[in-house]
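**Student:** Curious how this folds, go ahead:
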Amino acid sequence: MLTVDYDRLDLRPGMTVLDLGCGEGRHAFEAYRRGARVVALDHGAAEVGTTRRWLTAMAEAGEAPPGAAAEVVRGDLLALPFPDGSVDRVIASEVLEHIPDDAAAIAEIARVLAPGGRVAVTVPRYGPERVCWALSDAYHANEGGHVRIYRGRQLRARLAAAGLVPGEQHHAHALHAPFWWLKCAVGVDRDSAAVRTYHRLLVHDLVRRPWYTRAAERLLDPVLGKSLAVYAGKPGAAAAAVPAPRRETTAV
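**Tutor:** Residues are numbered from 1 along each chain as shown. You can find the predicted model right below:
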């Protein structure tokens with residue numbers, strides 16, 4: 001399930017792509033399939049291990065084109081282990097809402113991004129997220145949970161303050177908003193027949209991609225989309241070739 005639109009990000013084969021807070025690797029996998037040189041970074045050891053295993057399996061299965069490369073790094077988004085201007089594209093999907101000092105995190109993104117590079121930032125959308133917070137403290141008030149809810153203009157202002165130029169934006173995952181409202185209403189740690197039934201619908205949509213769920217989500221995303229995605233550029237001419245970051249790490 002992708003939140004970032006790779007066409008809006010203008011991701012092309014051979015580019016160095018940094019997936020920050022990669023989780024279990026969903027955006028890194030797609031960038032790798034598209035021929036990028038992917039670096040997936042997360043603070044969690046379990047997430048790093050899972051992403052590395054899947055990227056290794058993809059490499060062994062020949063799922064990426066010639067020239068694609070992937071590596072996985074455990075690191076801190078507030079102190080990225082990359083030189084200034086060393087990556088072409090950055091993806092930060094559903095991560096900034098977890099970081100108390102988001103201004104420092106965005107400044108690090110701007111630092112490592114090459115002139116002419118682009119970043120895709122996604123966060124929970126204000127309206128659907130506010131409903132979840134109202135229904136359940138357990139949804140967000142936990143270790144590593146969400147520390148803020150962004151309005152679109154606030155996120156764009158933070159990106160601009162770091163020297164980036166915000167551009168296009170869109171919303172995604174409208175079908176997921178009611179699921180989380182339902183889960184918050186019954187208890188995020190509790191099971192129920194209604195939650196199980198809705199979850200089966202989401203799995204069916206993810207695996208089968210039927211026309212009716214795809215059409216429903218396209219129609220509802222502007223109104224109920226659970227995620228907000230904003231794309232921003234770093235001023236300056238794009239470099240002809242950006243060298244791969246150099247550091248101690250494990251390649252896939």
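**Student:** show me where this structure has strands.
**Tutor:** Secondary structure of the chain (DSSP state E): strands at 16-20, 37-42, 69-74, 87-93, 113-124, 165-172, 227-233, 250-251.
**Student:** what angle do the fifth one and strand 227-233 make?
**Tutor:** For strand 113-124 against strand 227-233, the angle between stretch directions is 170 degrees (axes from the mean of the first three to the mean of the last three C-alpha atoms, to 10 degrees).
**Student:** Could you do the third one as well?
**Tutor:** Here strand 69-74 runs at an angle of 110 degrees relative to strand 227-233 (the same axes, to 10 degrees).
**Student:** What helices and strands are in contact with strand 69-74?
**Tutor:** Strand 69-74 sits against helix 26-33, strand 37-42, helix 45-60, strand 250-251, with contacts defined as 3 or more C-beta pairs under 8 Å, 6 or more residues apart in numbering; DSSP states H and E. (Glycine included, C-beta is placed from N, CA and C.)
**Student:** Swap in 7 Å and give it another go.
**Tutor:** With contacts defined as 3 or more C-beta pairs under 7 Å, 6 or more residues apart in numbering; DSSP states H and E, strand 69-74 has these neighbours: strand 37-42, helix 45-60, strand 250-251.
**Student:** now the helices for the stretch 51-200 of the chain?
**Tutor:** Counting by DSSP state H, counting those that start in this stretch, the stretch 51-200 of the chain has these helices, from start to end: 102-112, 126-135, 152-161, 176-186, 193-208.
**Student:** Of all those, which one is nearest Gly145?
**Tutor:** Counting by C-beta to C-beta, Gly145 lies closest to helix 126-135 out of the helices of the stretch 51-200 of the chain; the figure is 10.3 Å.
**Student:** Restrict stretch 29-46 to CA atoms and write it as PDB.
**Tutor:** Provided in PDB are the C-alpha atoms of stretch 29-46 (Å, rounded to 0.1, in the frame of the first residue of the first chain):
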ATOM      1  CA  PHE A  29      10.400  -1.900  -2.400                       C
ATOM      2  CA  GLU A  30       8.600   0.100  -5.100                       C
ATOM      3  CA  ALA A  31      11.600   2.500  -5.600                       C
ATOM      4  CA  TYR A  32      13.900  -0.600  -6.000                       C
ATOM      5  CA  ARG A  33      11.500  -2.100  -8.500                       C
ATOM      6  CA  ARG A  34      11.700   1.200 -10.500                       C
ATOM      7  CA  GLY A  35      15.500   1.000 -10.800                       C
ATOM      8  CA  ALA A  36      16.600   3.400  -8.100                       C
ATOM      9  CA  ARG A  37      19.500   3.100  -5.800                       C
ATOM     10  CA  VAL A  38      17.600   2.800  -2.500                       C
ATOM     11  CA  VAL A  39      18.700   3.400   1.000                       C
ATOM     12  CA  ALA A  40      16.100   2.500   3.600                       C
ATOM     13  CA  LEU A  41      16.600   3.900   7.100                       C
ATOM     14  CA  ASP A  42      14.800   3.200  10.300                       C
ATOM     15  CA  HIS A  43      15.500   3.500  14.000                       C
ATOM     16  CA  GLY A  44      13.900   0.200  14.900                       C
ATOM     17  CA  ALA A  45      16.000  -3.000  14.700                       C
ATOM     18  CA  ALA A  46      13.000  -5.100  13.900                       C
END
